[in-house]
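S.K.: sequence and predicted structure below; questions after.
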Amino acid sequence: MFNKQVYYKTDIGKVRRHNEDAVNTYCNKYCTVMVIADGMGGHEAGDIASQMVIKRVEQKFTPDLAFNNTEEARRWSKDILWEINEDILTYINQQEIANGMGTTVVIAIITHSFIAFAHIGDSRAYILAHQKLRQITKDHTFVRKLVEEGQLTEKAAKFHPHRNIIMNALGVSKDLKFDYLVLENYELDAILLCTDGLTSMLEDKEILQVLIQSKPTEEKANRLIDLANHNGGNDNVSVALCEFSKRSDSL
């Protein structure tokens, strides 16, 4: 398998008074789990929602956690997302101030033989291979729906006044829906998870230029956040970056 370097960081940005993002990574000898969340709801409710994601994954990640196949990874992800969704809905019912509370989430499960992504909202997962960057998740937003229906161009979507309207997130409904994607027998250079605080400030080509540099993983992640803040820092910005190098027997 590959050697890998993993680094994550979150930053409040230049405009927001609270950081409603949350990010973390977990690793044992069998797998690595990366998770990122972007809370919403105001009155610190967004912060609570995103932290619920991190705490729940932390509870479920154990030293002996292993996935024999992609279906086990799907069930593990589904159980976690369902529990977080229930936690948020219960909190909303108990706290009037939490109306509108919710969070996006991306979970990446990296094993020796496959990588699985579970995703809700507009936080993103990218993969880097052969110096090409590809968004692997699909934004669950109003403008993305319009683009898919042919009512809006990609260029127009970036400047649409309703581009931040999210169509699906944890805490929105008891009817939980999420995307699940698997890459098997992969050969990648990197995986990047990020909140929209990064992608609203940087073009994909700018992200690519940082990732292909011959610099340490930590330095690249910090550079992405610095660039987002330099370009305005209009939102909290968070990244989790995993880079692969030569093959070995360990994760």
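M.R.: Cool, the structure landed.

S.K.: low pLDDT regions in this protein?
M.R.: The model of the chain has pLDDT under 70 over residues 1-2, 42-44, 97-98, 142-165, 246-251.

S.K.: try it again at 80.
M.R.: Within the chain, the segments meeting pLDDT under 80 span 1-2, 42-44, 96-99, 141-167, 246-251.

S.K.: give me the longest helix you can find in it.
M.R.: Counting by DSSP state H, the longest helix found in the chain is helix 70-94.

S.K.: what's that one in contact with?
M.R.: 48-49, 52-53, 56-57, 60, 67, 98-99, 101-103, 105, 107, 109, 111, 114, 116, 118, 120, 170-171, 174, 176, 178, 180, 182, 184 (Cβ atoms under 8 Å, 6 or more residues apart in numbering). To be clear about C-beta, it is placed using only N, CA and C from the backbone, and glycine gets the same treatment.

S.K.: would you show me how to pick out the buried ones of these in ChimeraX?
M.R.: Those of the contacts of helix 70-94 that count as buried under 16 or more other Cβ atoms under 10 Å are selected in ChimeraX with:
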select :48,49,52,53,56,57,67,98,101,102,103,105,107,109,111,114,116,118,120,170,171,178
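
S.K.: out of the contacts of helix 70-94, which are inside strands?
M.R.: Among the contacts of helix 70-94, the members falling in strands (DSSP state E) are 102-103, 105, 107, 109, 114, 116, 118, 120, 180, 182, 184.

S.K.: as CSV, those with distance to Ile36 would be great.
M.R.: Below are those laid out as CSV (distance: Cβ to Cβ, whole Å):
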residue, distance to Ile36
Gly102, 15
Thr103, 10
Val105, 7
Ile107, 8
Ile109, 13
Phe114, 20
Ala116, 15
Ala118, 12
Ile120, 12
Tyr180, 16
Val182, 19
Glu184, 23
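
S.K.: buried ones in the longest helix of the chain?
M.R.: In helix 70-94, counting by 16+ other Cβ under 10 Å, buried: 70, 73-74, 76-77, 80-81, 84-85, 87-89, 91-92.

S.K.: and stretch 38-53, by the same measure?
M.R.: 38-41, 45-53.

S.K.: span of that stretch from start to end?
M.R.: One end of stretch 38-53 to the other measures 10 Å (Cα to Cα, to the nearest Å).

S.K.: how about stretch 100-113?
M.R.: End-to-end for stretch 100-113, by Cα to Cα: 39 Å.

S.K.: the host helix or strand of Val35 pairs with which strands, parallel or anti?
M.R.: Applying DSSP states H and E as the criterion places Val35 in strand 32-40. Strands adjacent to strand 32-40 in the sheet, as given by DSSP bridges, are strand 21-27 (antiparallel), strand 102-103 (antiparallel), strand 105-110 (antiparallel).

S.K.: pretty sure Ile191 is touching Ile109, no?
M.R.: No. Ile191 is beyond contact range of Ile109, at 10.7 Å (criterion: Cβ atoms under 8 Å).

S.K.: so what sits against both of the two?
M.R.: Ile115.

S.K.: if we can go back for a sec, could you dump the buried residues of stretch 38-53 to CSV with distance to Leu211?
M.R.: What follows is the buried residues of stretch 38-53, written out as CSV (distance: Cβ to Cβ, whole Å):
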residue, distance to Leu211
Asp38, 21
Gly39, 26
Met40, 27
Gly41, 32
Ala45, 33
Gly46, 28
Asp47, 28
Ile48, 32
Ala49, 29
Ser50, 24
Gln51, 28
Met52, 30
Val53, 25
